Structures are given as C-alpha cells and as structure tokens.
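K.L.:
sequence and predicted structure are below.
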Amino acid sequence: MSLIDEILQSILYGKSKVTESLILQALEEGYQPEQILREGMVPAMGSMEADSKTSQMDIPRVLGAARAMQKGLDILDPRLQSEKRLFLGTAILGTVKGDLHEVGKNIVSIMFRSVGFRVIDLGVDISEKQFVKAVRDHPEASVVCVSSLLTTSLPEMKKIVQALKKFDKKKQLFVMVGGGSVTEEIARQMQADAYTENAAEAAYLARAFVEKKSPQ
Ligand code: B12
C-alpha cells in the first residue's frame, strides 16, 4: 500500500496519531503537501461522507475520521500557505441559534479549508445578529455557510438568510445553507443562494462561485 493510501486509511479509521506521523513521513520523503491533501485526505473525507449516508459508518467513526482529518490539515496548513497555492478568500460558517450540532459544520469547515478558503468558524447557536456582525467585521468574506440539523431551528435559519441578504445590498455574498433539516426546496423558499447535501459539494460549489466572480 502506498504512503498516500495509508494516510487515507488512517483517516477513515480515525487514527489521528497515525495520520500525523504518516503525513510527517510523507513530507520528509518529498511528497508535496498539495498531493497529500488531494490524493489522500480529500478522498478520505469523500469516502467517509458516502459511508455515513449508507449507514456503513456510525457517528463515533465519523467523529474520529473528522478529528484525524483536522489533525492532518493542521500540519499541512502552514506548508500549503507557504506554497502560495490559490487562495480563494474567506468563508464564514456557523450553526444556527438553538442548534448545537457541530459535526457536519466542522466537516464543511475542513472541506472549505482543503480547497483553499480561510474559514471563520463562529461555532454553534449563532443568531442572525452574530452572523451579520461577522460579515460586517469581515468585509473580505465572499461566502457564508449556515448549518442546521433541527427542523425547529429552520425559522431561525430563514431569519439569518434574510438578514444577510438585507445587509448585502451589493449582492457580493454567496449564502449557502445545509445540514440534515434542509432540502433543496427549503433552501429555495428561504432564498438562499445554494444548498448541497454534503460538505465536499459545498466546497466545490463555493470555489466555482468565487472563480466565476473573479476569473484568474
Ligand atoms: C450527534 C447528534 C447529536 C449530538 C450532537 C453532538 C455535536 N457536538 O454535534 C447531541 C447528542 C448533542 C444531539 C442533541 C440533540 N439532537 Co441530535 N443528532 C445527532 C445525530 C445522531 C448525528 C448528527 C451528525 O453529526 N451527523 C453527521 C454529520 C456529518 O452530518 P450532517 O450534520 O448532516 O452534515 C453533513 C451535511 O448535512 C452537510 N452540511 C452540514 N452543514 C452544512 C452547511 C452548509 C452550508 C452546507 C452546504 C452543507 C452542510 O455536510 C455535512 C458533511 O457532509 C443525528 C441523527 C443523524 N443520524 O443525523 C441526530 C439528530 C440531528 N438530533 C436530533 C434531535 C431531536 C436532537 C435533540 C433535540 C435531542 C433532545 N431531545 O435533546 C438535541 C438538540 C440539541 C440542540 N439544541 O442542538 C434529531 C433532529 C430531528 C429534526 N428533524 O429536527 C436527529 C435527526 C435524530 C433523530 N432522528 O431524531 N444530537
């Protein structure tokens, strides 16, 4: 098995210490950070998402894999930045007020970081005022991701989307919604700019939005 495959497997099995040492070994052996990310880590997240949807992976394993991915990214992050790879801009992310679910949001954060966004993670239980304040404090942000797992917190999500739209008069922001309680139809009714079922698609869609806005 190649070192890259071993990294992928260590993430899937949530062995974060092994992930860390394999990544350090790969770097020592001359693998480029971008290659480790693209060929080992991103496919691990993709496979984890697919397995969790078909119930082949339970929540503790999802948590373990996300933790291993996070540890790996922490090692690669400074090296990726010094490689001057394409920086896509800033994304703001949070789970809506009244909702404490954070696993999906954290995976969205990881995927956004892995495609080249800087992520400002507001955490969980975030109100419309806090989202708007974050956007005001970070005028460089181009994407906002709002997560919700509870159907009872959907009205709050709608308020947040509307408040962001009202604030963003020049229509510079791409407001994305997602999480277990959201569907394409609900997202459309809220007038969000986009919905995706999983984190990887969300990151690719956000990247496409940014690249279309300012083509290289
Ligand atoms: C773990 C969990 C918890 C944990 C949360 C721990 C934590 N730190 O996050 C704890 C135990 C705290 C918890 C509490 C509760 N929970 Co809970 N929980 C779950 C559970 C089992 C898993 C959620 C999860 O992490 N999924 C894994 C992640 C990876 O998936 P995900 O979040 O959907 O995210 C993916 C996508 O949706 C997407 N995505 C996520 N966010 C975003 C954002 C954007 C912008 C985009 C584009 C995409 C995107 O990307 C992610 C990766 O692909 C679900 C059931 C289930 N199997 O889903 C119930 C579930 C969500 N909980 C539920 C409930 C009812 C509760 C409680 C009310 C229970 C209670 N009576 O106390 C409380 C609410 C607490 C609160 N105020 O938030 C219900 C919700 C029902 C509903 N429709 O409203 C569920 C569905 C269980 C059920 N079947 O009844 N819960």
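P.N.:
Thanks, I have the structure now.
K.L.:
what strands line up against the strand ranked longest in the chain, and which way round?
P.N.:
With residue count as the measure and DSSP state E as the assignment, the chain has strand 117-126 as its longest strand. Strand 117-126 has the following strand partners under DSSP bridges: strand 89-96 (parallel).
K.L.:
so is the longest strand of the chain next to the ligand?
P.N.:
No: when contact is scored as C-beta under 6 Å from any ligand atom, no part of strand 117-126 falls within range of the ligand; the minimum is 7.4 Å. In short, each C-beta sits where N, CA and C put it, glycine included.
K.L.:
for that strand, list every residue counted as buried.
P.N.:
Of the residues in strand 117-126, those scored as buried under the neighbour-count criterion (16 or more other C-beta atoms under 10 Å) are 117, 118, 119, 120, 121, 122, 124, 125, 126.
K.L.:
can you lay out those residues as JSON lines showing pLDDT?
P.N.:
Formatted as JSON lines, the entries for these read as follows, by pLDDT from 0 to 100:
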{"residue": "117", "pLDDT": "92"}
{"residue": "118", "pLDDT": "91"}
{"residue": "119", "pLDDT": "93"}
{"residue": "120", "pLDDT": "96"}
{"residue": "121", "pLDDT": "96"}
{"residue": "122", "pLDDT": "98"}
{"residue": "124", "pLDDT": "97"}
{"residue": "125", "pLDDT": "98"}
{"residue": "126", "pLDDT": "98"}
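K.L.:
now flag whichever of the residues you listed is closest to residue 95.
P.N.:
Distances from residue 95 to those, taken as C-beta to C-beta, are shortest for residue 124 (4.2 Å).
K.L.:
residue ranges for the strands of the chain, please.
P.N.:
For the chain, the strands defined by DSSP E cover 89-96, 117-126, 141-147, 174-178, 194-195.
K.L.:
average pLDDT for the last one?
P.N.:
When you say that, I think you mean strand 194-195. Per-residue pLDDT over strand 194-195 has a mean of 98.
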